[in-house]
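Chemist: Using only what follows, build the 3D model:
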Amino acid sequence: MAWQRKLLRVDLTAGTCRAEPLNMEWALKYIGQRGLATKYLCEEIDPKVDALSPGNKMIMATGPLTGTMAATGGRYSVITKSPFTGAIACSNSGGFIGAEMKAAGWDMVIFEGKSPKPVYLLLENDNAQLLSAEGLWGKSVWETDDIIHTTHQDPLLRVACVGRSAEEGCLYAGVVNDKHRAAGRSGVGTVMASKNLKAVAIRGTLGVGGVRDFKAFMNAAAVGKKVLKDNAVTGIGLPTMGTQVLMNVINEVGAMPTRNMREVQFEGAAKISAEAMHEPRESDGKPNLVTNAACFGCTIACGRISTIDPQHYTISNKPEYRGASGGLEYEAAWALGCDTGVDDLDALTYANFLCNEDGFDPISFGSTVAAAMELFDIGAITTKDTGGIEMRFGSAEALTKAAELVATGVGFGKDLGLGSKRLTAKYGHPDLSMTVKGQEFPAYDPRGIQGMGLTYATSNRGACHLRSYTVSSEIMGVPVKTDPLSTEGKPELVKAFQDATAAVDSTGLCVFTTFAWTLADIAPQVDAACEGGWTPETMLEAGERIWNLERQFNLDAGLTAADDTLPKRLLKDAAKTGPAKGQVNRLHEMLPQYYEIRGWTADGRPTADTLKRLDV
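Modeler: Reported below is the predicted structural model:
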């Protein structure tokens with residue numbers, strides 16, 4: 001059993017830490033990580049709880065394959081109720097801290113209550129302590145990580161923490177681990193800071209044992225690694241170009257959300273693409289990209305490590321930003337670049353550094369800046385509102401200044417930290433918020449990729465591409481090619497992706513493996529590692545169970561079928577250029593059928609028969 005069969009419960013109000021046995025009956029139904037932690041959350045909190053009150057809980061959870069020899073087995077998730085959306089939040093991260101938690105002997109840590117003063121958790125195998133973080137409060141992620149390492153003098157200590165943005169109430173703050181990997185979406189870091197929990201530092205030396213059939217597991221893992229190596233996406237494309245390989249591809253198919261989704265193609269895309277990151281600069285002859293990087297146990301290594309042009313205006317007097325750090329992924333490059341109309345690669349890299357340094361989601365941040373730029377463009381806000389910033393589309397200076405303000409919660413940064421839904425409502429134009437359930441869109445315009453419209457509208461955590469990445473099928477032809485401009489078959493496609501992804505997210509593996517793997521590749525690894533008789537079919541059923549449990553939480557929290565929709569712009573304003581010219585998203589053609597095949601009522605509620613069949 002690759003589960004450690006143990007969780008740590010941290011009562012921040014009382015200042016206590018105690019071990020509990022993992023509920024193995026639940027583990028056999030919900031696998032681990034996203035699924036199992038969601039089950040715990042649903043059992044332990046009122047879905048209507050104020051997300052920033054002590055009554056909310058925050059769970060850091062691993063999967064059964066986290067910390068094992070399975071390729072990409074380094075994932076963990078942060079699960080809580082989101083202050084950003086009011087819905088369930090599950091934000092996934094890589095790096096090394098997930099594997100460290102497992103090696104310390106724990107499957108998950110449940111944080112409850114609120115500490116009277118700032119603290120951090122130090123977890124060294126079985127020894128758990130809450131230590132004062134009063135000297136860390138007000139520090140950035142990078143500073144906090146360095147101070148904790150210096151204090152404990154252990155270079156192998158792994159740290160996850162929140163930055164100043166979370167402390168200042170930015171509603172889309174994340175939890176950053178290993179300095180530039182993040183559980184970045186839905187405001188999970190805001191919840192962590194609301195509990196006066198600054199950081200979690202873990203050192204594990206026990207390893208991950210108990211694999212059910214070690215020989216079968218090692219064989220299945222080796223077979224899986226070969227499939228990843230031989231696949232064009234996971235073996236060549238992602239290692240070489242990272243997720244940024246998509247920039248020019250998505251732009252060419254006319255699905256690149258541009259200038260707050262007014263347009264579907266960005267004329268400056270090539271200047272901020274993966275190819276541009278490889279080009280030597282004029283100033284020092286070096287490219288933006290220094291190297292690729294891998295998380296624990298990863299054979300793909302899609303991560304980017306970058307530097308900023310030393311002569312760029314953002315760092316000319318800031319030597320602390322001249323080193324190499326986490327570079328642009330596709331979603332960040334899109335949100336900071338295409339969506340704001342900015343084609344300055346170094347400005348985007350600087351803004352991305354700040355997102356990592358102070359722990360806020362670059363997708364929501366960039367999209368919120370784009371909404372502010374549109375508000376400025378139509379005269380709904382002026383420099384009096386922005387503190388003197390000319391919030392114009394295409395202004396690198398406006399983008400980078402906005403990032404500095406959100407990082408510290410100063411001035412107009414407070415407004416931007418609300419996210420675009422609250423920002424646009426405050427200034428009288430709520431239709432300019434490109435969100436679902438209050439969370440901003442990722443980098444795929446659903447007028448050009450119809451399935452993504454249904455994906456966004458029905459996502460349990462608000463607009464999200466990772467809950468059902470139909471781009472894989474509609475654009476890349478994986479596992480089968482479907483027409484991106486057609487709605488035919490998309491309800492079935494979205495459901496299949498949602499259920500499979502929920503299962504993968506619960507194993508401890510990275511969803512990027514599914515560019516090459518299907519559940520037929522993953523199930524043998526889970527089955528060899530864990531009891532339960534796991535097959536592709538039982539894993540898919542577990543994924544469906546998880547999806548319906550999340551849906552039920554949201555319904556109980558007060559969300560309804562009315563929240564399964566898209567902004568009017570995407571339903572009414574046709575794409576102006578590219579292959580999707582003249583197209584809107586035809587959600588109305590897909591949503592009723594989606595509810596039907598889900599076994600839900602016409603108003604989007606799981607029927608009694610569906611809940612009984614899935615034993616939810």
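Chemist: can you give me the helices in the stretch 251-400 of the chain?
Modeler: Assigned helices in the stretch 251-400 of the chain, in chain order: 274-278, 330-333, 345-358, 362-377, 383-386, 396-408 (criterion: DSSP state H, counting those that start in this stretch).
Chemist: helix, strand or coil for residue 95?
Modeler: The three-state assignment at residue 95 reads coil, by DSSP: H, G, I helix; E, B strand; the rest coil.
Chemist: Thought residue 181 was touching it, still the case?
Modeler: Yes - using C-beta atoms under 8 Å, residue 95 makes contact with residue 181 at a distance of 3.3 Å. Placement of C-beta: from N, CA and C, glycine included.
Chemist: Now the common contact residues for those two.
Modeler: Common contacts of residue 95 and residue 181 (C-beta atoms under 8 Å, 6 or more residues apart in numbering): residue 295.
Chemist: rewinding a little: nearest to residue 489 among the helices of the stretch 251-400 of the chain would be which one?
Modeler: Minimum separation from residue 489 across the helices of the stretch 251-400 of the chain (C-beta to C-beta) falls at helix 330-333, 25.9 Å.
Chemist: Averaged pLDDT, stretch 9-19. What do you get?
Modeler: In this model, stretch 9-19 has an average pLDDT of 98.
Chemist: Just the endpoints, please. Distance across it?
Modeler: In stretch 9-19, first residue to last residue: 6 Å (C-alpha to C-alpha, to the nearest Å).
Chemist: Okay, buried residues for it please.
Modeler: Neighbour-count burial for stretch 9-19 flags 9, 10, 12, 17 (criterion: 16 or more other C-beta atoms under 10 Å).
Chemist: Around residue 318, how many other residues sit close by?
Modeler: Neighbourhood size, residue 318 [other C-beta atoms under 10 Å]: 11.
Chemist: which residues sit against stretch 223-241?
Modeler: 70-71, 245, 274-275, 292, 299-302, 476, 478, 512-513, 515-517, 521-522, 524-525.
Chemist: From these, which land in strands?
Modeler: When DSSP state E defines the strands, the subset of the contacts of stretch 223-241 inside them is residue 292.
Chemist: Mind naming the longest helix for this structure?
Modeler: Criterion DSSP state H: the longest helix present in the chain is helix 536-557.
Chemist: Which secondary structure elements does that one sit against?
Modeler: With contacts taken as 3 or more C-beta pairs under 8 Å, 6 or more residues apart in numbering; DSSP states H and E, helix 536-557 sits against helix 24-30, helix 33-44, strand 88-93, helix 490-505, helix 519-529, helix 608-614.
Chemist: related to what we said a few turns ago, for the helices of the stretch 251-400 of the chain, give me CSV that also has mean pLDDT, mean neighbour count and distance to residue 35.
Modeler: Output for the helices of the stretch 251-400 of the chain, formatted as CSV (pLDDT from 0 to 100; neighbours: other C-beta atoms under 10 Å; distance: least, C-beta to C-beta, whole Å):
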stretch, mean pLDDT, mean neighbour count, distance to residue 35
helix 274-278, 98, 19, 33
helix 330-333, 98, 26, 24
helix 345-358, 98, 27, 28
helix 362-377, 98, 28, 24
helix 383-386, 98, 14, 43
helix 396-408, 98, 23, 32
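Chemist: closest one to residue 419 among the ones you listed?
Modeler: Closest approach to residue 419 among those (C-beta to C-beta): helix 362-377, 5.6 Å.
Chemist: Remind me what the closest one packs against, helices and strands.
Modeler: Counting contacts by 3+ C-beta pairs under 8 Å, 6+ apart, helix 362-377 is packed against helix 330-333, helix 345-358, helix 396-408, helix 412-416, helix 420-426, strand 439-440.
Chemist: Can you tell me which of the ones you listed is nearest to residue 319?
Modeler: Among the helices and strands packed on helix 362-377, helix 345-358 comes nearest to residue 319, with 13.1 Å by C-beta to C-beta.
Chemist: and the angle from that closest one to helix 362-377?
Modeler: 120 degrees (axes from the mean of the first three to the mean of the last three C-alpha atoms, to 10 degrees).
Chemist: how many neighbours does the spatially closest residue to residue 581 that is not a sequence neighbour have?
Modeler: Closest residue in space to residue 581, ignoring its immediate chain neighbours: residue 575 at 5.5 Å, by C-beta to C-beta, 6 or more residues apart in numbering. Using other C-beta under 10 Å, the number of residues around residue 575 comes to 23.
Chemist: same thing with residue 556?
Modeler: 12.
Chemist: Which pLDDT value belongs to it?
Modeler: Model confidence at residue 556 (pLDDT) stands at 98.
Chemist: okay, how far is it across stretch 435-443, tip to tip?
Modeler: One end of stretch 435-443 sits 12 Å from the other (C-alpha to C-alpha).
Chemist: Residues in contact with it: which ones?
Modeler: 82, 84-87, 172, 185-186, 246, 250, 256-257, 261, 330-331, 334-335, 338, 363-364, 367-368, 419-421, 433-434, 456-457, 459, 461-465, 559, 563, 565-567.
Chemist: pLDDT on that stretch, on average?
Modeler: 97.
Chemist: any idea how far it is from the chain center?
Modeler: Distance, stretch centre to chain centre, for stretch 435-443: 12 Å (C-alpha atoms, centre = their mean, to the nearest Å).
Chemist: on that earlier part again, is it possible to get TSV of the helices of the stretch 251-400 of the chain that adds distance to residue 176?
Modeler: TSV is the format used below for the helices of the stretch 251-400 of the chain (distance: least, C-beta to C-beta, whole Å):
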stretch	distance to residue 176
helix 274-278	22
helix 330-333	13
helix 345-358	6
helix 362-377	12
helix 383-386	27
helix 396-408	12
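Chemist: The ones you listed: which one's closest to residue 145?
Modeler: Smallest distance to residue 145 across the helices of the stretch 251-400 of the chain (C-beta to C-beta): 10.1 Å, for helix 345-358.
Chemist: Could you figure out how far the closest one is turned away from helix 396-408?
Modeler: Going by the same axes, to 10 degrees, helix 345-358 makes 0 degrees with helix 396-408.
Chemist: Report all helices and strands that helix 345-358 contacts.
Modeler: helix 141-152, strand 325-326, helix 330-333, helix 362-377, helix 396-408.
Chemist: Does residue 140 touch residue 166 like I think?
Modeler: No - judged on C-beta under 8 Å, residue 140 makes no contact with residue 166 at a distance of 10.8 Å.
Chemist: So which of the two has more stuff around it?
Modeler: Set residue 140 next to residue 166 and count neighbours by other C-beta under 10 Å: residue 166 wins out with 31 against 22.
Chemist: so what's the more buried one up against?
Modeler: Residue 166 neighbours (C-beta under 8 Å, 6+ apart): 173, 174, 189, 190, 192, 193, 359, 360.
Chemist: re the thing from before, out of the helices and strands packed on helix 536-557, which comes closest to residue 112?
Modeler: Comparing the helices and strands packed on helix 536-557 against residue 112 with C-beta to C-beta, the closest turns out to be helix 33-44 (7.8 Å).
Chemist: hey, where'd the helices end up in the stretch 51-200 of the chain?
Modeler: So, for the stretch 51-200 of the chain - with DSSP H, counting those that start in this stretch - the helices run 97-103, 141-152, 164-167, 188-194.
Chemist: Measure how buried the nearest residue to residue 311 once chain neighbours are set aside is and give me the count.
Modeler: Closest residue to residue 311 apart from its sequence neighbours, by C-beta to C-beta, 6+ apart: residue 283 at 4.5 Å. As a burial measure, residue 283 scores 11 neighbours (other C-beta under 10 Å).
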